[in-house]
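K.L.:
Quick check, what structure comes out for this input:
(one chain, ligands or ions: 1)
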Amino acid sequence: MSEPLGDLTRTHTCGALRASDVGAEAIVLGWVHRIRDLGGVAFIDIRDREGVSQVVVRENEALMAVAKRLRSEYVIGVSGVVQRRSEDTVNPKLATGEVEILAREIRLLNEAKTPPFQIAEDGPVSEDVRLRYRYLDLRRPRLQHNIGLRHRVSIAIRKYFDANGFWEVETPILAKSTPEGARDFLVPSRVHPGEFYALPQSPQIFKQILMIAGADRYFQIVRCFRDEDQRADRQLEFTQVDVEVSFARPETIYGLIEPLMPEILKEVGREVPLPIRRMSYSDAIAAYGSDKPDLRCGMEIHDLSEAFRDAEFRVFKQIVAGGGVVRGFAVRGGNRYSRSQLDVLVDQARQMGFSGLIWARPGEPPLSSVKSLGEATLRPALDRVKATSDDLLLMAAGPAEGTSKLLGQLRLAIAKRENLLNPEAFEFLWVTDFPLLEYHAEDGRWYSMHHPFTAPLDEDIEKLESDPGAVRAKAYDLVLNGSEIGGGSVRIHSAALQARIFQCLGITGEEAKLRFGFFLEALEYGTPPHGGIALGLDRIVAILAGEASIREVIAFPKTANAVDLMAGAPSPVDPKQLRELHLKTQN
Ligand code: ASP
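P.N.:
Have a look, this model is predicted:
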């Protein structure tokens, strides 16, 4: 058997050849992208990761015979001379479109079955088929672009952290449970019957221990595992850019993460004006009804309670008198909605859970869906939301937070429908001062909103026992275009305060010792104040690539149903393997 490549060693990628290469010898290796046999002449487009080159076979019977055997996706090597294309075959859309390779040798390296979908075109193919044949999908331009972009973003991140004195440290995958609020994946130990490792939901405890260990500045591009019921666009395993810094305040983290954003956006040729805006959690909820507001469409929610305190409209007036609020926002360009469009909107709002959505149009005089509302009430309300004559005011009343949240949902639904969310815009925002704890009525106890190692704001510590719901945390999220792309906090570095927080969470001393004893012990050996953040790499790359789903930027994702359709995971295992692991399945 001869060596499959013979003496073909690549001189150029399929995307490299230009007019300046005319006359050069070239050897390219790749896949048959398209083939056109015109009788005496054959054109073969050969493709690799970098692009497509045209190969021409002319006046050469032996080569013509090889060309006739070729089919799409066959693997070939070609050597020949680079020449200018004839006028009529120049392709200005292709980087290599001015030249072609006049073939001297074509070596068939491997055949291919007919693919279940076109590789050369990004036509619609069902996602299941794409995932089943992911290796073919990955050959197509869209995923080639996305995976290449992901690589470049990862490299930019590594360079940035290296330049800023960070160490990338690997933390264990076979670990102990970290509380991030999801279920753990467990790995049974063969050598310790009945005992289990947990896959990390995040490296949270390890990165904090690295600070205790004097690592000072740590980052890691790391896989995290959370056994959650697959909601919308989640994956069981996902990648975080995990960061921890000693001697940090929230300000320290903002100062380190902000300059990273322009480095990342450079990869798509975009700039990020710094500093990034900040908004407290409570302001974000009031003004956008969300802790991850999309700032691309304006339409801020305003409080209109004052305007309705003495209004003719009894319903709103009574709600305000009872301690509730009236809030509303201006729909950009909404004044052109017809009466029937408005009826649909009101109906839609009802389905979303509004008990009543009231609209008002600017004008002389302003008009409203509630006839009794006069100019004296509507005018100040319209002014307050800064409605122009093109806009429409939408209002609702009720308890403060719930009203803002409903209006926030409606705001987003309208913004999406009306294409008000510019896909070209990148709007970053820090949401700060999250509540430390949230109450779950089902089991009547408090839970950490972030995780139990998050430090409370110093001025709120005294309320930990008396008014836990009012305690704010040194916790922050980084939001981009309405998606949370990162979250973190300054941590508790005092063992005593950590114990107090566990108490608030109803975690007994004994339980804490069992779950995090090693960490609590470490805290007592000279822990520096520290804090950090984790950024979601999948989501960031998806946004940069303009993809709605993170599956489009992960080489081998699982379906929304948690299945790897290509490899066929999960799958049953050999009973012998189970026995070795001291496990029995129930069925
Ligand atoms: N470990 C946290 C998370 O995965 C991030 C952090 O607090 O740094 O959400």
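K.L.:
and Gln318, what helix or strand is that in?
P.N.:
Assigned by DSSP states H and E, Gln318 belongs to helix 314-321.
K.L.:
helices or strands next to that helix in the packing?
P.N.:
helix 305-309, strand 325-331, strand 392-398 (3 or more CB pairs under 8 Å, 6 or more residues apart in numbering; DSSP states H and E). C-beta coordinates here come from the backbone N, C-alpha and C atoms, glycine included.
K.L.:
Tell me the confidence at the closest residue to the ligand within the stretch 251-400 of the chain?
P.N.:
Relative to the ligand, the nearest point of the stretch 251-400 of the chain is Ile253 (9.1 Å; CB to the nearest ligand atom). Ile253 is assigned 98 on the pLDDT scale.
K.L.:
three-state assignment of it?
P.N.:
helix (DSSP: H, G, I helix; E, B strand; the rest coil).
K.L.:
and if you look at Asp45?
P.N.:
Once three-state DSSP is applied, Asp45 turns out strand.
K.L.:
The residue nearest to it when sequence neighbours are not counted: neighbour count?
P.N.:
With CB to CB, 6 or more residues apart in numbering as the criterion, Asp45 has its nearest non-adjacent residue at 3.9 Å, and that residue is His33. Neighbour count of His33, defined by other CB atoms under 10 Å: 20.
K.L.:
what's the answer for Ala548, then?
P.N.:
10.
K.L.:
Same question for Arg69.
P.N.:
Arg69 has 10 neighbours, counted by other CB under 10 Å.
K.L.:
So what's the predicted local confidence for the residue nearest to Asp45?
P.N.:
At His33, the pLDDT recorded in the model is 97.
K.L.:
got the contact list for the residue of the stretch 101-250 of the chain found nearest the ligand?
P.N.:
Proximity of the stretch 101-250 of the chain to the ligand (CB to the nearest ligand atom) peaks at Ser202, 3.4 Å away. Contacts for Ser202 (CB atoms under 8 Å, 6 or more residues apart in numbering) come out as Thr178, Glu180, Cys224, Gln240, Asp242, Ala534.
K.L.:
One more: Phe519?
P.N.:
Ile205, Gln208, Ile209.
K.L.:
Tabulate these (JSON lines), appending secondary structure and neighbour count.
P.N.:
Below are these laid out as JSON lines (DSSP: H, G, I helix; E, B strand; the rest coil; neighbours: other CB atoms under 10 Å):
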{"residue": "Ile205", "secondary structure": "helix", "neighbour count": "22"}
{"residue": "Gln208", "secondary structure": "helix", "neighbour count": "23"}
{"residue": "Ile209", "secondary structure": "helix", "neighbour count": "18"}
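K.L.:
so which of these also contact the ligand?
P.N.:
Among those, no residue lies close to the ligand (CB under 6 Å from any ligand atom).
K.L.:
Now do the buried residues in the helix holding Gln318.
P.N.:
Neighbour-count burial for helix 314-321 flags Phe316, Lys317, Ile319, Val320 (criterion: 16 or more other CB atoms under 10 Å).
K.L.:
returning to that earlier point: let me know how buried the residue of the stretch 251-400 of the chain closest to the ligand is, in neighbour terms.
P.N.:
By the criterion of other CB under 10 Å, Ile253 has 24 neighbours.
K.L.:
And Thr89, by the same measure?
P.N.:
Neighbour tally, Thr89, other CB under 10 Å: 13.
K.L.:
Looking at it now. What's its pLDDT?
P.N.:
90.
K.L.:
Thought Glu100 was touching it, still the case?
P.N.:
Yes: counting by CB atoms under 8 Å, Glu100 is a contact partner of Thr89 at 7.4 Å.
K.L.:
joint contacts of those two?
P.N.:
Any residue near both Thr89 and Glu100 by CB under 8 Å, 6+ apart counts here, and that gives Phe43, Gln54.
K.L.:
Checking Ala182 next. Helix, strand or coil?
P.N.:
With three-state DSSP as the basis, Ala182 sits in coil.
K.L.:
Skip the chain neighbours and tell me the closest residue to it.
P.N.:
Of all residues not flanking Ala182 in the chain, Arg226 sits nearest, at 3.7 Å (CB to CB, 6+ apart).
K.L.:
now Asp310
P.N.:
Lys317 (7.2 Å).
K.L.:
again with Gly194
P.N.:
His582 (6.2 Å).
K.L.:
Show me where the stretch 401-550 of the chain has its helices.
P.N.:
Counting by DSSP state H, counting those that start in this stretch, the stretch 401-550 of the chain has helices at residues 495-504, 509-523, 537-545.
K.L.:
Determine which of those helices approaches the ligand most closely.
P.N.:
Proximity to the ligand (CB to the nearest ligand atom) singles out helix 537-545 among those, at 12.1 Å.
K.L.:
Could you point out the helix or strand that follows the closest one?
P.N.:
Using DSSP H and E, the first helix or strand after helix 537-545 is helix 575-580.
K.L.:
now the helix holding Gln318 against strand 325-331, angle please.
P.N.:
Computed by axes from the mean of the first three to the mean of the last three CA atoms, to 10 degrees, the angle separating helix 314-321 from strand 325-331 equals 120 degrees.
K.L.:
what comes into contact with helix 314-321?
P.N.:
Helix 314-321 is contacted from outside by Ser305, Phe308, Arg309, Asp310, Ala311, Val325, Val326, Gly356, Ile358, Met395, Ala397, Gly398, using CB under 8 Å, 6+ apart.
K.L.:
how many neighbours does the fourth one have?
P.N.:
If you count neighbours by other CB under 10 Å, Asp310 ends up with 10.
K.L.:
Neighbours of the residue lying closest to Asp184 once chain neighbours are set aside, how many?
P.N.:
Spatial nearest neighbour of Asp184, excluding adjacent residues (CB to CB, 6+ apart): Ala198 at 4.1 Å. The number of residues packed near Ala198 is 18, by other CB under 10 Å.
K.L.:
now do Glu59
P.N.:
Neighbour count of Glu59, defined by other CB under 10 Å: 9.
K.L.:
Quick check, it in contact with Ala42.
P.N.:
No: using CB under 8 Å, Glu59 is not in contact with Ala42, being 11.1 Å away.
K.L.:
buried set for the longest helix along the chain?
P.N.:
For the chain, the helix that runs over the most residues, judged by DSSP state H, is helix 141-163. By neighbour count on 16+ other CB under 10 Å, the buried set for helix 141-163 is Leu143, Gln144, Asn146, Ile147, Leu149, Arg150, Val153, Ser154, Ala156, Ile157, Tyr160, Phe161.
K.L.:
Same question for stretch 169-185.
P.N.:
Val169, Thr171, Ala175, Lys176, Ser177, Thr178, Pro179, Glu180, Ala182, Asp184, Phe185.
K.L.:
Ramachandran angles for the residue nearest to Ile44 when sequence neighbours are not counted?
P.N.:
Excluding its sequence neighbours, the residue lying closest to Ile44 (CB to CB, 6+ apart) is Val55, at 4.4 Å. The phi and psi torsions at Val55 (degrees, to the nearest 10) take the values phi -110, psi 140.
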